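K.L.:
coords below, sequence missing:
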């Protein structure tokens with residue numbers, strides 16, 4: 001998911017997306033611990049996407065406070 005797609009989403013959608021990605025990251029961590037993880041780079045992608053979403057949320061909150 002790129003930044004443009006994230007910026008086009010509403011705040012509610014972003015919150016749901018973070019929740020979904022966090023659950024997926026949790027299950028990937030479990031798979032890694034058991035040795036059954038097939039694509040370790042997926043964990044990196046999920047972490048970066050979560051960080052992007054949180055950055056957009058912070059930008060929106062700061063813009064709202066500035067007004």
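P.N.:
Okay, I see it. The structure displayed is predicted, hence computed values, not measured ones. Residues are numbered from 1 along each chain as shown.

K.L.:
Can you tell me the centre-most residue of this structure?
P.N.:
With distances taken as C-alpha atoms, centre = their mean, the residue of the chain nearest its centroid is residue 50 (2.1 Å).

K.L.:
Which helix or strand contains the residue lying closest to that one once chain neighbours are set aside?
P.N.:
Once flanking residues are discounted, residue 50 sits nearest to residue 21: 5.3 Å by C-beta to C-beta, 6 or more residues apart in numbering. All C-beta spots, glycine's among them, are computed from the backbone N, C-alpha and C. Using DSSP states H and E, residue 21 sits in helix 11-34.

K.L.:
Can you name the residues in contact with that helix?
P.N.:
1, 6, 9, 37, 40, 42-43, 46-47, 49-50, 53-54, 56-57, 60 (C-beta atoms under 8 Å, 6 or more residues apart in numbering).

K.L.:
Tell me which helix or strand comes right after it.
P.N.:
Assignment by DSSP H and E places the next element after helix 11-34 at helix 41-66.

K.L.:
List the buried residues of that following helix.
P.N.:
Of the residues in helix 41-66, 43, 46, 49-50, 52-53, 56 count as buried by neighbour count, 16 or more other C-beta atoms under 10 Å.

K.L.:
Since that was my last question, I'll sign off now.
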